[in-house]
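Peer 1: Whatever this is, show me its structure:
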Amino acid sequence: MYDFAYHKPATVADAVKLLADPDAKAISGGHTLIPALKHRLNKPSAVVDLSGIAEMKGIKRVGNAIVIGALTRHAEVATSAEVKAAIPALAYLASHIGDVQVRNRGTLGGSVSNNDPAADYPAAVLGLGATIHTSKRKIAADDFFQGMFTTALEQDEILTAIEFPIPEKAGYAKMKNPASRYVMAGVFVAKTGGAVRVAVNGAGPCVFRQADMEKALAANWSADAVAGVKQSADGLNGDIHGSAEYRAHLVGVMAKRAIAAAG
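Peer 2: Numbers count the residues shown, from 1 in each chain. Here you go, the predicted structure:
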């Protein structure tokens, strides 16, 4: 039986108070918590529904950045005129998450907070050098992702928005499992203020930066520049869908495609 209290706070402050209970769980789109409940893998004392918090929704341009509320749905990011104009690679990424049902239910904050190795958004957050806004502080992307399903968020800390710097150019490419649509290997490349960042998702236990590709692209922004860079298979995921060596190869292929998409 499901046995938990249900809360739907209207403010971030109220949600934080409810999440002070270590056995309480937050829910936004529900793509992680609801399956866990169905399989009896999680038994929270309370479920805190964040969907009623208006301050965590919306997309706006602030200076040279796009700030997106944590409760903004994938479909809203994908179709946003602001995002398309400033960071088309981010709109493209959002438009290729899961299927239409997932895109109209899932949220930016839920995906990033969960930090599934095969999620799309972490690659954009890390690749663009975004800043995560929470109910307590601001966290740099490089400090946020700490391991498989692990982030810098504390129990009673809520991701409220993400601030994406507007790049000079950016691109994203991924190889997805044809059945589940989860990412087997994806690469997000970006050049912002002269600095180059390359983020890899799906291939490893956690999104990570590819330093050798960053160095190569800083010297010569072209697909040819990364052709000779080989991703090590050490520590990468390996399963029935693809070996670590296969995923390592995909990283190189997806990097070249992402660079081509960035122009």
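
Peer 1: Now do the same contact list for Thr11.
Peer 2: By Cβ atoms under 8 Å, 6 or more residues apart in numbering, the contact set of Thr11 is 53, 55. To be clear about C-beta, it is placed using only N, CA and C from the backbone, and glycine gets the same treatment.

Peer 1: switch the cut-off to 7 Å
Peer 2: Ile53 (Cβ atoms under 7 Å, 6 or more residues apart in numbering).

Peer 1: Same check on Pro35?
Peer 2: So Pro35 contacts nothing (Cβ under 7 Å, 6+ apart).

Peer 1: pLDDT-wise, which helix or strand of the protein ranks last?
Peer 2: helix 33-38 (a mean of 88; mean pLDDT, DSSP states H and E).

Peer 1: list the buried ones in that one?
Peer 2: 33, 37 (16 or more other Cβ atoms under 10 Å).

Peer 1: just stretch 141-152 next, same as before
Peer 2: Buried-residue list, stretch 141-152, by 16+ other Cβ under 10 Å: 141, 144-145, 151.

Peer 1: mind listing the helices in this structure by residue range?
Peer 2: 12-18, 33-38, 74-79, 81-86, 88-95, 100-103, 108-114, 121-127, 141-144, 211-219, 244-262 (DSSP state H).

Peer 1: just the angle between the fifth one and helix 244-262, please?
Peer 2: Just to be clear, that refers to helix 88-95. Interaxial angle, helix 88-95 versus helix 244-262 (axes from the mean of the first three to the mean of the last three Cα atoms, to 10 degrees): 130 degrees.

Peer 1: Can you tell me what sits against helix 88-95?
Peer 2: Contact partners of helix 88-95, identified using Cβ under 7 Å, 6+ apart, comprise 74, 77-78, 80, 83-84, 120, 124, 164, 170-172, 261-262.

Peer 1: give me that answer again for 8 Å
Peer 2: Contacts for helix 88-95 (Cβ under 8 Å, 6+ apart): 66, 74-75, 77-80, 83-84, 103, 120-121, 123-124, 128, 164, 167, 170-172, 188, 190, 261-262.
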